[in-house]
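>>> Here is my input; please provide its structure:
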Amino acid sequence: MNEFTDLTEHTLSRKEQYSGPLFSVHTDTVRLPDGTTSSREVVEHVDGVAVLPLDERNNVLTVTQYRYVFGRTMLEIPAGKLDPGEDPVTGALRELKEETGAVPDTFLPLGHIVPAPGCYSEVLHLFLARGLHMEQQSLDEGEFLNVERIPFDEMVHRCMSGEIEDAKTIAAVLKAKLLLNL
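Next up, the predicted model:
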């Protein structure tokens, strides 16, 4: 079995393919650890946030929205992209209030995940919100979603059975399960 002391791939050249408001795409030629070259297609995406809002009865506030890429609705926890230079806590609190109307007393970080490290640069910061106070929901223009309260145990079951497929939701639910010993 080969073992390399340095697994770094060094960029030799880059070709910009696309640049838009949410992401850009470039193709790099890289030198591999064994000295050969290869191509890497990279999607540079803005970072995001996701919040697991847990009410006093251990229900999770979820959102169901149509996901065009998959041609169907998906059940998820509230989430969104960070604005340029925005702190993840600020962005997560903003997204939680916009999508559900919830404002928490307690807000804890659950770490972050990298959803697709093979080609996608986005980092998602996860949070747990408790002590929820409900205010007015204020969806972004063109945003349509339904909010539902689902018992935490049911969320765990749906994550484990494969009914919930969204990576950020699965990660946050399972991290919270261990953290809170629920």
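>>> Wait, a helix at residue 92?
Yes: counting by DSSP: H, G, I helix; E, B strand; the rest coil, residue 92 is found in a helix.
>>> Look up how far residue 39 lies from it.
36 Å (Cβ to Cβ, to the nearest Å). From N, CA and C alone the C-beta is placed, and that goes for glycine too.
>>> for residue 135, phi and psi?
phi -120, psi -160 (degrees, to the nearest 10).
>>> so what's it up against?
Residues counted as contacts of residue 135 (Cβ atoms under 8 Å, 6 or more residues apart in numbering) are 97, 101-103.
>>> Which of the residues you listed fall within helices?
Among those, the residues falling in helices (DSSP state H) are residue 97.
>>> Where does residue 95 sit: helix, strand or coil?
Following three-state DSSP, residue 95 is assigned to helix.
>>> for it, what are its contacts?
Contacts of residue 95 (Cβ under 8 Å, 6+ apart): 49-51, 78-80.
>>> Strands - which of the residues you listed land there?
49-51, 79-80 (DSSP state E).
>>> now, which of the contacts of residue 135 sits nearest residue 65?
Checking the contacts of residue 135 against residue 65 with Cβ to Cβ, the nearest one is residue 101 at 15.6 Å.
>>> List the residues that contact that closest one.
With Cβ under 8 Å, 6+ apart, residue 101 has these contacts: 134-138, 147.
>>> Could you dump these into TSV and include distance to residue 172 and secondary structure?
Shown next, in TSV, are the contacts of residue 101 (distance: Cβ to Cβ, whole Å; DSSP: H, G, I helix; E, B strand; the rest coil):
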residue	distance to residue 172	secondary structure
134	20	strand
135	22	coil
136	24	coil
137	20	coil
138	22	coil
147	16	strand
